[in-house]
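Prediction below, plus the sequence it came from.
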Amino acid sequence: MLTVTDKREPVPVSGNPSVIASYKADVMTAADYSPFGMTLPGRAYNNHWQKYRYGFNGKESDSEVNGPYNELDYGFRVYEPRLGRFFSVDPLASKYPFYTPYSYAGNKPVWVSDLDGLEEDWMTTRRFALQRQAELQLAYAKSNASVTIGPAPAKTFTQKWRDSHNIIDNVTYDIANSLYTLPQQLTSSARQADYIYNIGGNVHRSHGMEGEKPRTDNGVTAFSLFMPSAAAEEQGIGFFSKFLSSFEKKSLPSVGRMFSPAIVDRGVAEEYAAETTYKGFNNINKELGFQNPYYDLYSTATSTIVDVTTTNSKSMNLSGLYKKLDNLSSKVEGPFKNRILQVYVEEGRYTSDQIQGLRNKLEQYIKDYNLRSSFEITEVK
């Protein structure tokens, strides 16, 4: 991993120092890591570790006891990358009796990561794999390359069915595919799935209930060919539209899930924010099809971006909130006047003195580092 500052070091033209030929990056840190996050000896450069305190997986380092990047704050627990173990017991240990309560990412660091010291984050890995697969498919479809290496692989039965020009195949495929993709869309929010598989292996982006209606309507249209009249088609489409709409209403974000440590509930807070305080804001994560690391909601009309987060730990995840304020201030390009960190806390979880103390620390941090970002702390029931 390589970290550079926003400084540019000019490189003058040889023989003419008054003319700049190019610019050289100001490298702060560079390191190769072992799978569990230990900095490999002799393969690291760190000229600014006192200033830049983030290491493996972007986690903040506490360098006072064990030296730079040998203790990482994951929010819920502190991690020792040289051992590949956390210092304390997993708060979710009762849900994973087959793991040691001190393990990192379920002892599978090449395949999954650990976001905050709780459970292994296999969904993010899977999401990026699907995203990459879809990008390759789109790039191949848009290219006009006529050169291929080796014979084209034979199509499977489902791929032949999908690509057939036979009317019976088309009708039966539309019916089957609408039934196959519907459950995936209905659960896409809960699973944080960015892509939906069609029969035949190709994928398309998940867009919730509204995104599934065209495929459902195709299935109903095909199914109506076996109905006695066209009225049945309209009734069928109307039924599925009402069903999907009612499901959407029942699927509004649950406040109780905002503070769940489960990976699948990580998007609930931003949905809640978009339904309450920030109505009319766009969700950048849904538009991109993957998680934007710096903010979740934006409004061009008010020139505002919002990073939505929750805190439920004893330490209130102060280091994580500092990093989010840093990112909002320096990592986001564009003329956004308002850069807000929206922090939701569960009502009754902290005393009024604790919340006021958090406000004071965040305000002081913004002042000390002259940040452009601001914050809001909201208690929810």
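Thanks, I have the structure now.

Just say helix, strand or coil for residue 372.
Using DSSP: H, G, I helix; E, B strand; the rest coil, the structure places residue 372 in coil.

Burial check on it, number of neighbours?
Residue 372 has 14 neighbours, counted by other CB atoms under 10 Å. To be clear about C-beta, it is placed using only N, CA and C from the backbone, and glycine gets the same treatment.

Count the neighbours of the closest residue to it other than its chain neighbours for me.
Nearest residue to residue 372, sequence neighbours excluded (CB to CB, 6 or more residues apart in numbering): residue 329, at 4.5 Å. When neighbours are counted by other CB under 10 Å, residue 329 registers 17.

for residue 41, same thing?
The number of residues near residue 41, taken as other CB under 10 Å, comes to 7.

Next up, identify which helix or strand it is on.
Assessed by DSSP states H and E, residue 41 sits inside strand 39-46.

Going toward the C-terminus from that strand, what's the next helix or strand?
Per DSSP H and E, the first helix or strand lying C-terminal to strand 39-46 is strand 60-61.

What segments of this protein are helices?
122-142, 157-163, 167-186, 188-191, 208-223, 230-250, 268-275, 284-288, 318-330, 352-368 (DSSP state H).

Least confident of those, on average?
Mean pLDDT is lowest for helix 230-250 among the helices of the chain, at a mean of 52.

Now do the buried residues in stretch 365-381.
365, 366, 371, 373, 375, 377 (16 or more other CB atoms under 10 Å).

Pull up the pairing partners for the strand holding residue 41, direction included.
Strand 39-46 pairs in its sheet with strand 16-33 (antiparallel), by DSSP bridges.

Show me what the mean pLDDT comes to for the strand it pairs with.
Mean per-residue pLDDT for strand 16-33: 84.

List of residues touching it?
1-5, 7-14, 39-40, 43-49, 51-52, 55-56, 69, 81 (CB atoms under 8 Å, 6 or more residues apart in numbering).

One more: stretch 41-59?
So stretch 41-59 is contacted by 1, 3, 27-33, 37, 39, 60-61, 63, 68-69, 72-74, 79, 81, 113-114, 323 (CB under 8 Å, 6+ apart).

rerun at 7 Å
3, 27-33, 37, 60-61, 63, 68-69, 72-74, 81, 113, 323 (CB atoms under 7 Å, 6 or more residues apart in numbering).

For this structure, which residue occupies the most central location?
Centroid-nearest residue in the chain: residue 291, 2.7 Å away (criterion: CA atoms, centre = their mean).

Quick check: the closest residue to it other than its chain neighbours vs residue 374, distance?
Counting by CB to CB, 6+ apart, the nearest residue to residue 291 once its immediate chain neighbours are dropped is residue 285, at 5.4 Å. From residue 285 over to residue 374 the distance is 21 Å, taken as CB to CB, to the nearest Å.

Kindly report the same for residue 301.
Distance of residue 301 to residue 374, computed by CB to CB: 18 Å.

With residue 39 instead?
Between residue 39 and residue 374 the computed distance is 35 Å (CB to CB).

How about residue 45?
Separation of residue 45 from residue 374 (CB to CB): 35 Å.

Can you spell out which residues form a bridge with residue 25?
Beta-bridge partners, per DSSP bridges, of residue 25: residue 8.

What's the local residue count around it?
Neighbour count of residue 25, defined by other CB under 10 Å: 12.

same deal with residue 300?
Neighbours of residue 300 (other CB under 10 Å): 11.

what's the spacing between it and residue 331?
Distance of residue 300 to residue 331, given as CB to CB: 19 Å.

now do residue 22
Residue 22 is 24 Å from residue 331, by CB to CB.

same check, this time on residue 157
On the measure of CB to CB, residue 157 and residue 331 end up 48 Å apart.

Out of those two, name the residue with the larger neighbour count.
Taking other CB under 10 Å, residue 157 and residue 331 do not tie; residue 331 has more neighbours (12 against 8).

residues in contact with the nearest residue to that one once chain neighbours are set aside?
Leaving aside its sequence neighbours, residue 331 sits nearest to residue 294 (CB to CB, 6+ apart; 4.9 Å). Taking CB under 7 Å, 6+ apart, we find residue 294 in contact with 307, 327, 328, 331, 332.

This completes my enquiry, with thanks.
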